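**Student:** Output the structure for:
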Amino acid sequence: MLQQDFSEMSDFSARSSAYPPSPPADYSMMSEDMDDYASEQDPTEQEVSIENPDDVPAHDFFFDSQKVLSLNSNNFSTFLTRKDASLVMFYNERFPESQVFQTIFSEAANNTKRENSAFAGVDCAANAKLCVANGAIKLPMMRLYSKNYCIGEMKSIKGLSADVLRQFVEMAPMMDSCRMKTCTRKKENTC
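**Tutor:** Residues are numbered from 1 along each chain as shown. Now for the predicted structure:
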């Protein structure tokens with residue numbers, strides 16, 4: 001009986017050397033049988049993922065407020081599309097005007113009460129193409145967005161206060177694609 005138990009163990013060790021099985025050299029044949037998730041089929045519907053940390057707006061360290069987020073070319077459109085109202089300040093931290101105005105902008109961000117709104121900054125020294133694409137030539141410049149549509153712009157910062165900026169965001173109309181379509185000359189102006 002003892003002899004038989006050892007023989008079974010030796011048989012087990014022979015089998016265990018074959019386990020676990022080696023992974024296939026080519027996984028492409030496996031992916032044909034698997035269904036893709038909806039987010040993999042339509043990249044425009046993808047949520048921000050951990051794999052690409054540039055998609056997640058972080059605190060913009062130029063500003064005193066933790067509520068002012070940093071935007072770049074990787075997260076600009078995606079972030080603004082998700083917000084009902086966003087005030088974006090295009091700045092260069094070396095410009096004295098930008099340095100003076102960051103305190104007012106930070107205060108407005110801290111005091112805003114509107115749901116699904118945001119204050120964000122774009123550092124034009126690091127994101128020159130994004131700033132040029134948005135017409136931010138004279139800095140600082142602010143733009144108000146609703147669902148990624150530009151609905152207002154401030155090129156002059158003279159006389160602006162944190163309260164004015166806060167009201168600008170809180171009273172901004174919410175845009176949608178239906179409102180932004182050009183109406184035809186027909187009587188029924190429907191989208």
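**Student:** Now do the residue lying closest to Arg166 once chain neighbours are set aside against Tyr149, distance only.
**Tutor:** Computed as C-beta to C-beta, 6 or more residues apart in numbering, the closest residue to Arg166 that is not its neighbour in sequence is Ala108, at 4.6 Å. Where C-beta positions appear, they are placed from N, C-alpha and C, glycine not excepted. Here Ala108 is placed at a distance of 21 Å from Tyr149 (C-beta to C-beta, to the nearest Å).
**Student:** can you check Thr103 too?
**Tutor:** Look at Thr103 and Tyr149: by C-beta to C-beta, they are 28 Å apart.
**Student:** now Glu107
**Tutor:** Applying C-beta to C-beta, one obtains 26 Å for the distance of Glu107 from Tyr149.
**Student:** hmm, back to that, for Ala108 and Tyr149, indicate the residue with more neighbours.
**Tutor:** Using other C-beta atoms under 10 Å, the more surrounded residue of Ala108 and Tyr149 is Ala108, with 26 against 15.
**Student:** where does this protein dip in pLDDT?
**Tutor:** 1-55, 177-191 (pLDDT under 70).
**Student:** now with 90?
**Tutor:** Under the criterion of pLDDT under 90, the regions of the chain flagged as low confidence span 1-59, 64, 137, 148, 154-159, 174-191.
**Student:** all strands of it, in order?
**Tutor:** When secondary structure is read from DSSP state E, the chain shows strands at 58-59, 68-70, 85-91, 117-123, 141-146, 149-154.
**Student:** Give the partner strands of the fifth one in its sheet and their orientations.
**Tutor:** Sheet partners assigned to strand 141-146 using DSSP bridges are listed as strand 85-91 (antiparallel), strand 149-154 (antiparallel).
**Student:** CA atoms only for the first one, dumped as CSV, please.
**Tutor:** It stands for strand 85-91. Coordinates of each C-alpha in strand 85-91 appear next as CSV, following Å, rounded to 0.1, in the frame of the first residue of the first chain:
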residue,chain,number,x,y,z
ALA,A,85,-20.4,75.9,-17.4
SER,A,86,-16.6,76.3,-17.3
LEU,A,87,-14.5,79.4,-17.0
VAL,A,88,-11.0,78.8,-18.4
MET,A,89,-8.2,81.2,-17.9
PHE,A,90,-5.4,81.0,-20.5
TYR,A,91,-2.3,82.3,-18.8
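**Student:** one step back: compare the strands of the chain and give me the one nearest Ser77.
**Tutor:** Closest of the strands of the chain to Ser77 is strand 141-146, at 9.8 Å (criterion: C-beta to C-beta).
**Student:** Of all the strands paired with strand 141-146, which one is nearest Ala162?
**Tutor:** Taking C-beta to C-beta, strand 85-91 is the member of these nearest to Ala162, at 11.3 Å.
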